[in-house]
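Can you look at this prediction? I've put the sequence above it.
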Amino acid sequence: MSRIGRKPIAIPEGVDVKIESREVTVKGAKGTLKFGILPVIGVAVEDGKITVTRADEEKSSRAAHGMTRAILNNMITGVSRGFEKNLEIIGVGYRAQMQGRNLVMSLGFSHPVEVTPPDGIELAVDGPTKVAVRGIDKQLVGQVAADIRAYRPPEPYKGKGIRYSGEYVIRKAGKAGGK
């Protein structure tokens, strides 16, 4: 039995969970999320808790069991509290600002980099070098943050670039450090 998959998920106040024809719909204060369930996985709502079961002991079924439980838990967290990823921009002249809904960054290129967030994602600039990515879908928040970071990942010599808050970049010694 999957250790993660067999744990029940508590449904907090204000969150509504519906299961209809192999699709789970979670509705909360921040929005609504849907997830399709595989045929080998069973999901039931009883006494304010969600339980996830599997049909057999196949390796793929065991993997899907824990994954389904984790995704449902993230959906409940997302519609009740939401998710946020914070990015820091480090480098001389590197900065970010909002223009309407779009994020415009100056990252040392000959042109500004403009990012349009997908539906369900909110971008915010907290100072010229701090960017926050917020939303209810954990996977989408992480993907948008990774896409923004990919425009200028931190380089190992001076540490310039876009990094996650709290990310440690291992620095290398330059040419002069070799002697």
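Cool, the structure landed.

alpha carbons only for contacts and neighbour counts from here, please
Noted.

And the helix ranked longest in the chain, what's buried?
Longest helix in the chain, counting residues (DSSP state H): helix 59-80. By neighbour count on 16 or more other Cα atoms under 10 Å, the buried set for helix 59-80 is 61-62, 64-66, 68-69, 72-80.

nearest to Glu20, of these?
Using Cα to Cα, Leu72 is the member of the buried residues of helix 59-80 that lies nearest Glu20, at 14.6 Å.

Scan this protein for its longest strand.
Ranked by residue count and defined by DSSP state E, the top strand of the chain is strand 83-90.

For the helix or strand just after it, name the packing helices and strands.
Scanning forward in sequence from strand 83-90, with DSSP states H and E defining helices and strands, the next element found is strand 95-99. Using 3 or more Cα pairs under 8 Å, 6 or more residues apart in numbering; DSSP states H and E as the contact test, the elements touching strand 95-99 are strand 102-106, strand 121-125.

Tabulate those in TSV, adding columns for distance to Lys30.
Shown next, in TSV, are those (distance: least, Cα to Cα, whole Å):
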stretch	distance to Lys30
strand 102-106	21
strand 121-125	12
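
could I get these as a markdown table with distance to Arg134, mean pLDDT and mean neighbour count?
As requested, the helices and strands packed on strand 95-99 are arranged in a markdown table below (distance: least, Cα to Cα, whole Å; pLDDT from 0 to 100; neighbours: other Cα atoms under 10 Å):
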| stretch | distance to Arg134 | mean pLDDT | mean neighbour count |
| --- | --- | --- | --- |
| strand 102-106 | 13 | 96 | 18 |
| strand 121-125 | 5 | 96 | 18 |
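
okay, now the domains of the protein?
For the chain, whose domains are defined here by automatic domain parsing, the residue ranges read 9-80, 83-164.

so which of the ones you listed comes closest to Arg171?
Taking Cα to Cα, domain 83-164 is the member of the domains of the chain nearest to Arg171, at 4.7 Å.

What's the end-to-end length of the closest one?
Its start and end residues considered, domain 83-164 measures 14 Å (Cα to Cα, to the nearest Å).
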